[in-house]
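>>> I would like to see how this sequence folds:
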Amino acid sequence: MRIIGALAALLLPIAAQAAGHGEILWDRFGVAHVFARSETDLFRGYGWAQTESHGNLLLKLYAEGRGRAAEIWGPEELDNDRWMAVNDVEARAKRWLAAQPPAFRADLDAFAEGVNEYAAAHPDALSPQTRQVLPVSALDVVAYAEKLFQFVYLAPPTIADKAARLTVAKEPNGSNGWAIAPSRSKSGRAMLLMNPHLPWPTGWSTYYEIQLKAPGVDLYGASQVGLPVLRFVFSDWLGYTQTVDYPGGVTLYRLTPAGDGYLYDGRTRSFETATREIRVRQADGSLKAETVTVRRAVQGPVVAEAGGAPVALRVAGLDRPLALLQYWRMETAHDFAGYQQALRMQQVPSFNVIYADRDGHIQYLFNGLVPKKIGRDLAFWSGLVPGDRSDTLWTSHLSYDELPKVSDPAGGTVQNSNDPPWNAAWPVTLDSKPYANLIEDRTVSLRMASGIRMLAGTPKIGFDDLTAMKWSDHSELADRILPDLERAAALYGTDLARRAAEVLARWDRTTAADSRGALLFLDWVDRRGAADGYKAEGFATPYDLARPLDTPAGLADPKAAAAALDAAAEHTLAVYGALDAPWGQSMRIRLGDKDLPASGGPGRLGVFDVIDFGPPKDSRRAANFGDSFIAVVSFDRPTRARALMTYGNASQPGSPHISDQAPLLAKHELREVWRTRAEIEAHLESREAY
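This is a model prediction of the structure:
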């Protein structure tokens with residue numbers, strides 16, 4: 001129970017002593033600052049706080065991790081539960097939990113106990129549905145982490161559909177991460193930009209901001225709801241951020257049927273088979289049992305069929321049970337050597353890591369389990385791989401020393417925007433050739449180019465400069481193709497297309513809320529015949545790895561581009577009433593009771609400040625992807641930071657923090673981060689013992 005006001009200051013030491021674990025100070029933005037007596041008490045407080053802010057969501061996620069969400073939420077969760085059964089997540093999680101070192105196992109137990117203790121102390125705070133998930137245990141924590149890292153990021157259920165289409169497709173992502181060395185900083189201190197982008201809070205993608213403080217530990221940052229460790233974090237010693245990468249740790253194998261089994265190295269092998277029962281709640285409240293038959297080949301479980309042949313899935317990291325422990329050791333390290341020692345565990349199966357510390361070190365790491373795939377190119381591995389012979393079965397991975405990385409480059413910056421590692425430092429220091437059949441080198445993010453351009457063009461970067469650069473909503477794509485589009489409209493376009501080209505010529509090439517022309521440009525970009533900034537298609541000059549700042553560029557088919565502009569102009573007039581309607585008139589931040597004009601835009605426009613939007617309703621589109629947790633960090637002594645949780649730091653019904661930070665997002669403002677007791681108490685909403 002929270003105790004509010006001046007009386008709390010007097011009663012807190014007695015209450016904390018009675019509870020025996022610690023206290024939580026809640027600031028006016030709903031950020032929990034956990035002050036714990038020990039490491040295990042810190043994890044307990046984290047579980048308590050996360051449940052107070054996101055309890056209904058947290059428990060639903062744990063039900064999904066168990067593969068038993070359909071028992072409570074019905075058929076809508078059936079695809080998830082089947083996927084957990086097919087991939088044997090629960091049984092593997094039991095083995096993973098048993099593999100935890102005793103001290104960290106105690107931490108995981110404490111996190112789960114914190115969830116249960118909050119639920120017991122506040123019986124009316126959680127919905128009746130989610131209370132059916134209780135109690136939770138450390139097994140739920142481990143199972144959910146496995147699901148998130150392996151079967152959401154690497155191999156989501158939709159991969160089965162992709163298998164039937166004969167390819168493993170990459171979905172566009174949009175995160176930015178920068179580290180600035182002291183040589184490029186106005187203050188002479190290293191700096192860090194944390195800027196992950198995920199779907200706005202719809203479940204697993206929801207971030208949670210928190211401070212965790214215990215003897216020897218003082219961490220600040222964010223992680224996804226359900227995780228007991230931080231993935232975006234800083235202390236007075238060091239910090240790191242992450243972006244999604246593509247380490248190639250998922251392969252689909254087309255098997256050759258032979259009787260009731262499959263061919264492998266000229267012999268028939270039998271499938272390992274098992275059955276799993278899933279219970280599904282019906283509309284009348286009854287439970288209906290469904291049996292899932294699982295077939296496993298040497299490569300992994302059969303997840304689909306393609307052309308009448310079974311398709312087996314192989315996922316990296318299923319033999320690596322200590323990802324959560326690795327994160328804990330990374331974030332509690334006190335120097336670069338200790339941080340790298342944690343990275344060498346290689347338990348986290350993916351994610352680029354961008355690092356900076358108080359000693360001035362910076363690093364970019366293409367982190368992940370990159371399978372050693374011998375003798376074949378990336379196109380071979382990205383399709384359906386022949387599964388009838390053992391020479392296509394990868395069994396080992398690049399070591400930490402073999403992974404692409406950049407440490408303390410002469411240029412003084414490292415950066416990533418979900419791109420392959422080759423342009424992580426500028427000027428370039430990495431060579432892609434040794435990794436030709438392992439890591440992609442033919443993809444481009446115009447966001448990455450925009451970031452490189454901003455960093456390269458600012459010899460000395462201050463804290464305020466870094467904050468301003470993060471909010472850049474300039475379109476790199478517009479710079480690359482607008483001159484050609486204007487010429488194409490003049491040569492091949494209708495009168496309407498030429499009018500549209502005049503609007504684009506006057507446009508400031510940003511997606512600021514008051515920008516006029518961005519709506520028209522986005523409509524054009526999303527049409528056949530335009531240039532695709534994600535796929536690097538439709539350009540006259542193709543992408544050149546050595547020239548990321550000016551390739552790709554121009555229009556490959558000016559006539560088709562002009563026709564697309566005519567169609568875009570007609571649609572823009574019909575929907576918005578003007579070719580130059582302001583961006584924020586249609587693009588909105590709709591969270592809770594807030595409905596605000598948005599700035600920022602889709603990554604496919606080459607906009608660094610990523611916000612994307614759902615389909616139009618009454619000519620308006622609500623933001624549903626992009627800026628989530630944002631932090632700008634300077635490793636002064638003590639560390640200084642500004643942050644924002646764009647959609648608010650809570651989801652429980654009735655919380656004032658569901659959308660209270662949306663106005664700051666609309667204004668492109670960050671909050672000062674409060675870390676000392678004095679700072680927190682100056683902005684205190686409430687406090688409680690746990």
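
>>> please count neighbours and contacts with C-alpha atoms only from this point.
OK.

>>> quick one, grab the pLDDT at the residue nearest to Ala531 when sequence neighbours are not counted.
Leaving out its chain neighbours, the residue that sits closest to Ala531 by C-alpha to C-alpha, 6 or more residues apart in numbering is Gly538, at 4.4 Å. pLDDT for Gly538: 92.

>>> got the contact list for Gly538?
Gly529, Ala530, Ala531, Asp532, Leu555, Ala556, Asp557 (C-alpha atoms under 8 Å, 6 or more residues apart in numbering).

>>> which strands and helices sit next to the host helix or strand of Leu108?
Element membership for Leu108 (DSSP states H and E) is helix 102-121. Here helix 102-121 is seen to pack against helix 39-66, helix 138-148 when contacts are counted using 3 or more C-alpha pairs under 8 Å, 6 or more residues apart in numbering; DSSP states H and E.

>>> would you mind getting the angle between the last one and helix 102-121?
Orientation note: helix 138-148 sits at an angle of 100 degrees relative to helix 102-121 (axes from the mean of the first three to the mean of the last three C-alpha atoms, to 10 degrees).

>>> distance check, Gly239 against Ala69.
35 Å (C-alpha to C-alpha, to the nearest Å).

>>> between the two, tell me which one has more neighbours.
The neighbour comparison of Gly239 against Ala69 (other C-alpha atoms under 10 Å) goes to Gly239, with 35 against 28.

>>> tell me how the protein divides into domains.
Using automatic domain parsing, the domains assigned to the chain come out as 6-169+677-689, 176-246+318-382+395-470, 250-315, 476-607.

>>> with respect to Met645, which of the ones you listed lies nearest?
Met645 lies closest, by C-alpha to C-alpha, to one member of the domains of the chain: domain 176-246+318-382+395-470, at 7.1 Å.

>>> compute the first-to-last residue distance for that closest one.
Taking C-alpha to C-alpha, domain 176-246+318-382+395-470 runs 9 Å from one end to the other.

>>> what residues of stretch 465-478 count as buried?
Neighbour-count burial for stretch 465-478 flags Leu466, Thr467, Met469, Lys470, Trp471, Ser472, Asp473, His474, Ser475, Glu476, Leu477, Ala478 (criterion: 16 or more other C-alpha atoms under 10 Å).

>>> what does stretch 586-593 give?
Ser586, Met587, Arg588, Ile589, Arg590, Leu591.

>>> for stretch 583-599, how far is the first residue from the last?
Start-to-end span of stretch 583-599 (C-alpha to C-alpha) is 8 Å.

>>> what's the mean pLDDT across it?
96.

>>> now the closest residue to Tyr46 other than its chain neighbours: how far from Val136?
Nearest non-adjacent residue to Tyr46, counting by C-alpha to C-alpha, 6+ apart: Phe111, 6.4 Å away. Separation of Phe111 from Val136 (C-alpha to C-alpha) stands at 10 Å.

>>> same check, this time on Gln150
From Gln150 to Val136 the distance is 21 Å (C-alpha to C-alpha).

>>> just give me the neighbour total for Lys162.
16.

>>> so which elements touch the helix or strand in which it is found?
Using DSSP H and E, Lys162 sits within helix 159-164. Secondary-structure packing of helix 159-164 (3+ C-alpha pairs under 8 Å, 6+ apart): strand 302-306.
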